[in-house]
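Trainee: structure of the sequence below:
(one chain, ligands or ions: 1)
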Amino acid sequence: MAAPDHLRPSTLPEALEALKRPGARALAGGQALLPLLLDGSEQARSLVEIGHLAELRGLDRDEEAFFVGAGTRPVDVADTPVVWTLLPAFAEMAGAMGDPQFRNRATLGGALAENHPSSCWLAAALALEARIQTDRREFLAEEWTLGAFETPLEPGEALVGLRLRIPRRAGWARIRAGSGSGSPFPLASVFAVETREGAARLGVAGGRDGAFRWRAGEAALEESGFAPDSLAGLAPRSDGMSADERADAAHRALLAGRAAALAVARALEIRSAPGL
Ligand SMILES: Cc1cc2nc3c(=O)[nH]c(=O)nc-3n(C[C@H](O)[C@H](O)[C@H](O)COP(=O)(O)OP(=O)(O)OC[C@H]3O[C@@H](n4cnc5c(N)ncnc54)[C@H](O)[C@@H]3O)c2cc1C
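Mentor: Modelled structure (predicted):
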């Protein structure tokens, strides 16, 4: 197949216009898309660069929430002091993902559009009551995953950003496979939140078709007043968990349960939103 045209619009409206071309694909950090184009498993007739667009970059906040633009990179989150003050677990997660090259190139929008089942961003979005915004619509994080690597995004539709509600406290923990496992993704990544109203939310990535909320774990936490010990011996159900050379389904479920307890313990160590 011929090499795709390469377009670098200067504004979001120009990018949206370019994305209407047949076979056009958005290109942000290229960390997921470029390898797939190179090995022929994905195709594009035009690549529309959007990661540099000012309208999609950066973080804003109001009393209740952060708005994170789709073009925001992990390094932008980790280098923003107010995130460390109000939502340190999110800054900690962004600063620990991948390697320095990845953190400087990959974007939040690319991760949401890719919707890898082990995406840390999606686990955080579920726990933080996120609203995912495109140029046309808004979704709850729970509405985002239609299956592994499948989302409601339509051709030509662009992700604009994510609105994350600032919780009373939050923690993130992951369990990684040993080096040489061949995948940059953790085996389990869990974002644990106690909302301002005292509800528990656990966003879990790794092991299923997409990131999911572990409701039984949330119920145990709420009953115990958010005690990590309440998750001892509990784990998400292993049926429906995937298996690969790194871990079988039962092991993945166990790891998700352990990562959840670690994330809750971490939430108790670090404070979000002073005064809440
Ligand atoms: C070395 C490495 C380490 C990693 N480590 C982790 C990790 O620790 N945790 C984790 O969760 N993930 C990890 N990832 C995955 C990573 O989060 C995603 O691959 C990455 O964020 C994709 O972003 P990108 O900007 O590079 O997307 P691209 O590769 O540019 O695009 C990916 C897809 O998204 C589409 N797209 C991009 N932006 C938009 C938009 N605004 N609107 C609509 N569609 C859009 C593209 O068309 C394409 O289909 C890792 C990946 C690598 C390569």
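
Trainee: now do the contacts for the closest residue to Met97 other than its chain neighbours.
Mentor: Nearest non-adjacent residue to Met97, counting by C-beta to C-beta, 6 or more residues apart in numbering: Pro74, 5.1 Å away. (Each C-beta comes from the backbone N, C-alpha and C, glycine too.) Pro74 sits next to 94-95, 97-98, 102-103, 106 when contact means C-beta atoms under 8 Å, 6 or more residues apart in numbering.

Trainee: ok, and of these, which contact the ligand?
Mentor: Near the ligand, judged by C-beta under 6 Å from any ligand atom, the entries from the contacts of Pro74 are 97-98, 102, 106.

Trainee: which of these lies closest to Val83?
Mentor: Met97 (14.1 Å; C-beta to C-beta).

Trainee: mind checking pLDDT for the closest one?
Mentor: With respect to pLDDT, Met97 has a value of 94.

Trainee: go on, Glu245?
Mentor: 82.

Trainee: how much space between it and Arg208?
Mentor: 18 Å (C-beta to C-beta, to the nearest Å).

Trainee: and if you look at Ala130?
Mentor: Distance from Ala130 to Arg208, by C-beta to C-beta: 18 Å.

Trainee: looking at these two, which has the bigger crowd around it?
Mentor: More crowded of Ala130 and Arg208, by other C-beta atoms under 10 Å: Ala130, with 26 against 21.

Trainee: so the more buried one makes contact with Gly161?
Mentor: No. The pair Ala130 and Gly161 fails to qualify as a contact (C-beta atoms under 8 Å) at a distance of 9.9 Å.

Trainee: and Arg246, how many neighbours does it have?
Mentor: Residue neighbour count, defined by other C-beta under 10 Å, stands at 17 for Arg246.

Trainee: let's verify it: helix, strand, or coil?
Mentor: Under DSSP: H, G, I helix; E, B strand; the rest coil, the three-state class of Arg246 is coil.

Trainee: dihedrals phi and psi, the closest residue to the ligand within the chain?
Mentor: Per C-beta to the nearest ligand atom, Gly110 is where the chain lies closest to the ligand, at 2.1 Å. Dihedral pair for Gly110: phi -60, psi -40, per degrees, to the nearest 10.

Trainee: so who does it touch?
Mentor: 28-29, 31-33, 51.

Trainee: ok, these vs Arg8, which is closest?
Mentor: The closest of the contacts of Gly110, once distances to Arg8 are taken by C-beta to C-beta, is Gly51, at 10.1 Å.

Trainee: doesn't Gln31 make contact with the closest one?
Mentor: No. Gly51 is not in contact with Gln31 according to C-beta under 8 Å; the separation is 10.2 Å.

Trainee: thank you, goodbye.
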